[in-house]
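Asks: Just to be clear, the model below is a prediction. Sequence and coordinates:
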Amino acid sequence: MPKPLLSARYRVVVRDREGHIMHIEEAPSRSFILNFLYMLWIELNGNTTDSISSVNSSGQQITETVAFSQGWWEWCYGSAVLYAGIQVGSGTSPPSASSPYLESLILNGTGSGQLSYGSNSVTSPSISSNPGTMTITRPFTNNSGGSVTVGEIGLAPNYGSDAVLIIHDVLSPAAVVPNGGSITVTYTMQVNT
């Protein structure tokens, strides 16, 4: 059976407050969602007045009208769009191809049920071998005072001033991050020729 031309894998590592590994999960991503195709369409189509669903820097679900092509999307350098890059949530429902959000986004912070979002780290695409790869990694720290359960993860590039989810995966089992611990999520994008 031929390998898919475009694919993604994820890796999740949970550590306790001393840095000891408590849980590792690595699996193929099975859920590119409709926003992925929609964002490509916006870029290839040029000017458009259609709308796209996204999450703003406060974690609110919004719909914005794309009045013009804003240039190729980025993986969020810096923190202007906090939820761009890798997102985590507490949902456990199977992803829908047409759903533009995580089921229940975990907000950034130190309050109950929250995680502190670290910076995204993005490698340059490697084209010296087949398949070609690029990785996006983000750490999340739990300073909430209690355990936080991560049941879903996603990848949401920065588009304009918001984050647009393009991949959505559910963890099985969900990852429990203890107080003082952390979870690091890595997505590896891969192209085959």
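Replies: Okay, I see it. Numbers count the residues shown, from 1 in each chain.
Asks: tell me, how many neighbours does the closest residue to N158 other than its chain neighbours end up with?
Replies: Spatial nearest neighbour of N158, chain neighbours left out: A84 (3.7 Å); criterion: C-beta to C-beta, 6 or more residues apart in numbering. C-beta here means a position set from N, CA and C on the backbone, and glycine is covered the same way. Applying other C-beta atoms under 10 Å, we find 29 other residues in the vicinity of A84.
Asks: What distance do you get for A84 to L37?
Replies: Shown here: A84 relative to L37, a distance of 19 Å by C-beta to C-beta, to the nearest Å.
Asks: Report the central residue of this protein.
Replies: For the chain, L155 is the residue whose C-alpha lies nearest the centre (C-alpha atoms, centre = their mean; 2.2 Å).
Asks: quick one, what contacts the residue nearest to that one when sequence neighbours are not counted?
Replies: Of all residues not flanking L155 in the chain, I167 sits nearest, at 4.2 Å (C-beta to C-beta, 6+ apart). Contacts for I167 (C-beta atoms under 8 Å, 6 or more residues apart in numbering) come out as 8, 29, 31-33, 36, 154-155, 187.
Asks: partners of I167 in the sheet?
Replies: Under DSSP bridges, the beta-bridge partners of I167 are F32, L155.
Asks: quick one, strands of this structure?
Replies: Under the criterion DSSP state E, the chain carries strands at the ranges 6-15, 21-28, 51-55, 61-65, 85-89, 116-117, 121-122, 132-141, 148-156, 158-159, 162-163, 167-177, 182-191.
Asks: With mean pLDDT and distance to T110 added, can I get those strands in a markdown table?
Replies: Converted to a markdown table, those look like this (pLDDT from 0 to 100; distance: least, C-beta to C-beta, whole Å):
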| stretch | mean pLDDT | distance to T110 |
| --- | --- | --- |
| strand 6-15 | 93 | 18 |
| strand 21-28 | 95 | 20 |
| strand 51-55 | 79 | 20 |
| strand 61-65 | 78 | 23 |
| strand 85-89 | 95 | 15 |
| strand 116-117 | 96 | 6 |
| strand 121-122 | 88 | 22 |
| strand 132-141 | 92 | 9 |
| strand 148-156 | 96 | 11 |
| strand 158-159 | 76 | 24 |
| strand 162-163 | 82 | 21 |
| strand 167-177 | 96 | 13 |
| strand 182-191 | 94 | 13 |
